[in-house]
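J.: the amino acid sequence is not available; the structure is as follows:
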């Protein structure tokens, strides 16, 4: 789909890090090795960060300190308002980008096709659009914190959508979206006995890098029966239908999409 619409693609930017789980924040030596390899190849870097606790914020501070010492501009995707405050107060050289976890839209693939039906009321269809991007409060907030870009999952955009009228750029991840995420990790509990599962503060062995589960919507008369979604670590993901992906790409430039972030696999 990408090559048909955009031709041969030569990546200009790499996304490094993880936006869903604090346990997957990279170690400093790992991040530095990846960044130096990418910069040597002439590729820009966007650093992904997840929702964090105070301990996670301290780990990010170490990585941000290293990044600002380099001779390269770096974007940082924040999915936690505390991370944005840290960037604003201590790391003005880094460019903050609002992550998709802070974009509150309807995501459940079991019902989104019904909400996007041509016969659905306008108010229902509006639930699938990027959450509150044109509100004065959000514009003021992003301006105050120097945020010039926000990110989202692929949406079934209407023909009249035009992000160029906004005061910030809008990027989209392709093709995978996330349904929901949280602190608890089912994968990390599978090795434990029943009484010890799903407890806060479990040690992480990065089981999400080895295993995923596929779920299908059944036992219903809805048209979306059989819809598949996938769990990896602490997050559920989905892939929109091919017609939605194709329509999105065809309209992306006209709709004012500033960037498409290609995910070769589930982003964990």
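T.: Cool, the structure landed. Computed from a predicted model, the values in this text were never measured in an experiment.
J.: now for residue 140: which residues touch it?
T.: Residue 140 sits next to no residue when contact means Cβ atoms under 8 Å, 6 or more residues apart in numbering. C-betas here are computed from N, CA, C, even on glycine.
J.: confidence-wise, which helix or strand of this structure is lowest on average?
T.: Ranking every helix and strand in the chain by mean pLDDT, DSSP states H and E puts helix 122-125 at the bottom, with a mean of 73.
J.: any buried residues in it, and which?
T.: When burial is assessed from 16 or more other Cβ atoms under 10 Å, helix 122-125 yields no buried residues.
J.: for stretch 163-173, how far is the first residue from the last?
T.: Taking Cα to Cα, to the nearest Å, stretch 163-173 runs 16 Å from one end to the other.
J.: what segments of the stretch 101-250 of the chain are strands?
T.: In the stretch 101-250 of the chain, the strands defined using DSSP state E, counting those that start in this stretch lie at 149-153, 169-174, 177-181, 213-216, 228-232, 235-238.
J.: now render these as a markdown table, adding distance to residue 30.
T.: Listed next are those as a markdown table, based on distance: least, Cβ to Cβ, whole Å:
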| stretch | distance to residue 30 |
| --- | --- |
| strand 149-153 | 23 |
| strand 169-174 | 23 |
| strand 177-181 | 22 |
| strand 213-216 | 27 |
| strand 228-232 | 20 |
| strand 235-238 | 21 |
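J.: who wins for proximity to residue 72 among those?
T.: Closest to residue 72 of those is strand 149-153 (Cβ to Cβ; 17.3 Å).
J.: tell me the contacts of the spatially closest residue to residue 170 that is not a sequence neighbour?
T.: Closest residue to residue 170 apart from its sequence neighbours, by Cβ to Cβ, 6 or more residues apart in numbering: residue 163 at 4.3 Å. Contacts for residue 163 were tallied using Cβ under 8 Å, 6+ apart; they are 133, 169-170, 255-258.
J.: all set now, cheers.
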